[in-house]
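S.K.: Would you be able to build a 3D model of this:
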Amino acid sequence: MNYALLDNKPILLLPENYNRIPFWRMAARQDKVRCPACASALRLHAGISFEPHFFHPEGAECPLLTENGPAPLDSLQAINETAATAFQAVLAATAKKDHSDDNAKEPLAFSTKDNNEASIDVDEANTTSIGSFRLPKKRTIGTSTTPPPPAPKPPVFRKRFMPKKTISHMAEQMRDQSLHPGQQQAVHATEGPFLILAGAGSGKTRVMTARTTHLISDLGVKPNQIMVVTFTTKAADEIRQRIARQLPAGQARELIAGTFHSIFYRMLLHHQPERWDQQRLLKKDWQKWRLMRETGALLGHDDLATLKETEITEALGIISRWKNEYILPQEVAYREATNDAEKRAIQLYPLYEATKKKHHWFDFDDMLIGCYEMLRDDPGLLRRYQERITYVMVDEFQDINRIQYETVKLLAAPQNNLCVIGDDDQSIYGFRGSDPQYILGFTKDFPQASTFTLEVNYRSHSSIVSLGYSLIGHNRERWAKECQSFHREEGDTYLFEPEDEEEQASRIADEIIHRREQGAILGECAILYRTNESARPILERLSEAGIPFHYTQEEDSFYQRQTVRWTLNYLRLALNPDDTDALKEILSTLYISAEMWNTLRSQAIIEDKPILHVLPHLTQLKPYQRKHMQQINEILTACKDVPPAQALELIYEDGKLRDYLKKRAKDREDGRERWSDELQQILAASKRHGTISDFLAYIDHMARQEKEWRTMRPLPDEAVHVLSIHRAKGLEYDHVFLPDLVEGALPHEYTLDELRKGDFGALEEERRLLYVAITRARHSLCIGIPRERFGRKTRTSRFIAEMGR
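M.R.: You can find the predicted model right below:
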């Protein structure tokens, strides 16, 4: 139903006041939204594909509830007389509004105030006071439940997102055919180099399997003469399993199939086992960092020895990219660094390589380089492999890097029965050395190569295919393709504009619940994000709603980040000025050295005072420090009895925490202000709670939940998938949600910086990334555009205008 009571005053869910939904959602969570007939607490359900509504919790008994659901608003017999009169007035106002100038009427919405509501009036200078602190008008302190005034332009609650370009679809009668004509051509072309451009959902794995089976069954090629290189072990296993269903037992096992690293490593292990012992493999960045630190490799190199672990691992990432491009240490020495991270990488590269060699360690990049150099430098060995492997097939060729490509060319020669399969529109791993120029330039390297294009998308409904096609056509560096959809059905494509990232997460969770009630399988729902910052509110809302999910932790826990811990400890001190653990952790933010801790603790014991209250009286402090410590005490005292969001504003501004973090990050050369985003995320989360104690209890609960998320392994079909777009490559789902389609998120802020410098390459990769995300969806696609993100107004991603209308 779209009507309810809030503090005994009527509220109506109408498009004109949908911007009030976050406020009403919070009020409903606090049991303040009531049914006008039975007075029981109501909940608010506001997803994406359906109209928002209030509902009774399961098991409720109410005269408004009928066999067909709640009674319509015009059936008011069961509602008390006062409420009925109010609702009738609302209906009259609505009807009158439909025939008059909207600008001449007040917005159709109801706001309420508790009779015992406490608020602080604005003084003549547009400031408010708490103790000795004067706040700008926007930072009013109090417990007011009055919602914010409606925005001048109502947000788009939900609308169909129609593609700019429409595409044709194939006839359904082709469903019984295993391969369409284009696929048949690709399967039967076996001799010489071939480029198969396989668009998203075009049945590329089916073609690879059919082509391999054709070589073995029809042409008599032995399975161990065929090498199929994939980018994931899962893809290699899938090809083997499909072939095993079509060939005699055992033949599939003879096929040389696997990832570049697995195949090349087997070759190295066979010929040089003493050098490539797997126990000496550096798999993780922290292992590389520990090797450099514990061996003393950085001693005597002052610029490197003082670096933090994060700075070393960042440099190691750059080194990895150089190695994939086969840029060796001696070549890097003459390279001009573009930033401080590259300067560090240039210094570190020769040290890292020498340390590995001295202590007999190797990393994944060394496997690729080692195999290439072994074949290149031993003509006899190379010839034996070339005679044995007569057909080479490479999947996901758009993601290949230079060292992989050079090795493949060695193995495929001289017959050059090399079939590469990929989609330049899905090249998204530039940050680790892949380059779409290899697939774009394949016919230049092999002028005799034939090109086949698989243009029919079997996966996605037509409107989803059309959106992707409309978007990717804006890229300049790509092979031209004409896309078709196999399906007649359009599918569901929606845009929605939530107030902020918190409401966006709530809308997605409600939509997933709705889809489940309509029969959808949770395992066929996926939420794909561009950066990890988008994941936190989504995971929290799913957890609150009891929706199981799969999530691979790609970064440290949000609540364990330094900025977040400092901020939360300020709140803990506001509640308990004798919380020694909290004060000890924030000492550095107060510019007090750790050496003073024992003095401070002893003084608190001697004076029998809370340790926070002792701070201003430390004799070692300078006058300006003592004044600031007194101010901190007054701020935290003032914070104790106000909502957490307003307490955080006091701590950020009057407590100078924002200034401290800004100064601390000033020497960061990349210009990112992650700390600022983290402050805003905490602030956004706090707005959902009325008291500091409630908010901290929620934080503690979520921190415990995060530990469970790391190990939680629900069955695949019984949990929503939450993952980055990069990780979603190669996967597909019935229902896909894409949050944060705003400038700075997608396209990423780094990309926008590159664009300002005149570099369009990064923007094209971001466009490809969004194309990959869109084409993961089979039946429905929901795109979120929050009006605020991390407390800042947003601009809709430029990609929205490029692909839809």
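
S.K.: what does stretch 373-391 rub up against?
M.R.: 190, 215, 221, 224-227, 256, 267-268, 271-272, 407, 410-415, 417, 419 (Cβ atoms under 8 Å, 6 or more residues apart in numbering). (C-beta placed from N, C-alpha, C; glycine too.)

S.K.: From the chain's centroid, how far away is it?
M.R.: Centroid separation for stretch 373-391 versus its chain: 43 Å, with Cα atoms, centre = their mean, to the nearest Å.

S.K.: What residues sit buried inside that stretch?
M.R.: For stretch 373-391, burial by neighbour count (16 or more other Cβ atoms under 10 Å) applies to 374-375, 382, 386, 389, 391.

S.K.: Regarding the chain, what is its longest strand?
M.R.: strand 777-784 (DSSP state E).

S.K.: what is the mean pLDDT for the helix or strand just after that one?
M.R.: Sequence-wise, the next helix or strand downstream of strand 777-784 (DSSP states H and E) is strand 788-789. Average pLDDT, strand 788-789: 90.

S.K.: Can you list the strands that strand 788-789 pairs with?
M.R.: Take DSSP bridges as the rule and strand 788-789 pairs in its sheet with strand 792-793 (antiparallel).

S.K.: which parts of the next helix or strand after the strand it pairs with are buried?
M.R.: Tracing the chain C-terminally past strand 792-793 and defining elements by DSSP H and E, one meets helix 798-803 next. Going by neighbour count (16+ other Cβ under 10 Å), the buried part of helix 798-803 is 798-800, 802-803.

S.K.: what does stretch 544-561 give?
M.R.: 544, 547, 549-551, 558-559, 561.

S.K.: can you check stretch 389-407 too?
M.R.: 389, 391-405, 407.

S.K.: Now, those that are in helices?
M.R.: 402-405, 407 (DSSP state H).

S.K.: Tyr438: which of these is nearest?
M.R.: Nearest to Tyr438 among these, counting by Cβ to Cβ, is Tyr405 at 5.4 Å.

S.K.: check contacts around the closest one.
M.R.: Counting by Cβ under 8 Å, 6+ apart, Tyr405 has contacts Tyr438.

S.K.: Per-residue confidence, it, what does it come out as?
M.R.: Reading off the model, Tyr405 has pLDDT 94.

S.K.: what about it, distance to Glu396?
M.R.: Separation of Tyr405 from Glu396 (Cβ to Cβ, to the nearest Å) stands at 13 Å.

S.K.: Overlap of the contact sets of these two?
M.R.: With Cβ under 8 Å, 6+ apart as the test, Tyr405 and Glu396 reach no residue in common.

S.K.: tally of neighbours for Thr599?
M.R.: 13 (other Cβ atoms under 10 Å).

S.K.: same question, the one 5 residues further on
M.R.: A count of neighbours around Ala604, defined by other Cβ under 10 Å, yields 20.

S.K.: With adjacent residues omitted, what lies nearest to it?
M.R.: Ile611 (4.2 Å; Cβ to Cβ, 6 or more residues apart in numbering).

S.K.: related to what we said a few turns ago, now the buried residues of stretch 373-391 in JSON lines, with distance to Thr166 and pLDDT?
M.R.: Compiled in JSON lines, the buried residues of stretch 373-391 are given as follows (distance: Cβ to Cβ, whole Å; pLDDT from 0 to 100):
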{"residue": "Met374", "distance to Thr166": "52", "pLDDT": "96"}
{"residue": "Leu375", "distance to Thr166": "49", "pLDDT": "96"}
{"residue": "Leu382", "distance to Thr166": "51", "pLDDT": "96"}
{"residue": "Gln386", "distance to Thr166": "48", "pLDDT": "94"}
{"residue": "Ile389", "distance to Thr166": "45", "pLDDT": "93"}
{"residue": "Tyr391", "distance to Thr166": "40", "pLDDT": "95"}
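
S.K.: now, which of those residues sits nearest Glu585?
M.R.: Nearest to Glu585 among the buried residues of stretch 373-391, with distances taken as Cβ to Cβ, is Met374, at 52.1 Å.

S.K.: That closest one should be in a helix, yeah?
M.R.: Yes - applying DSSP: H, G, I helix; E, B strand; the rest coil, one finds Met374 inside a helix.

S.K.: quick one: it from Leu368, how far?
M.R.: 11 Å.

S.K.: In contact with Glu788, which residues?
M.R.: Here Glu788 is in contact with 499-501, 794 (Cβ under 8 Å, 6+ apart).

S.K.: Just give me the closest of these to Gln241.
M.R.: Glu501 (40.7 Å).

S.K.: dump the residue contacts of that closest one.
M.R.: Counting by Cβ under 8 Å, 6+ apart, Glu501 has contacts 534, 537, 681, 684, 739-740, 786, 788-790.

S.K.: Good, we can wrap up now.
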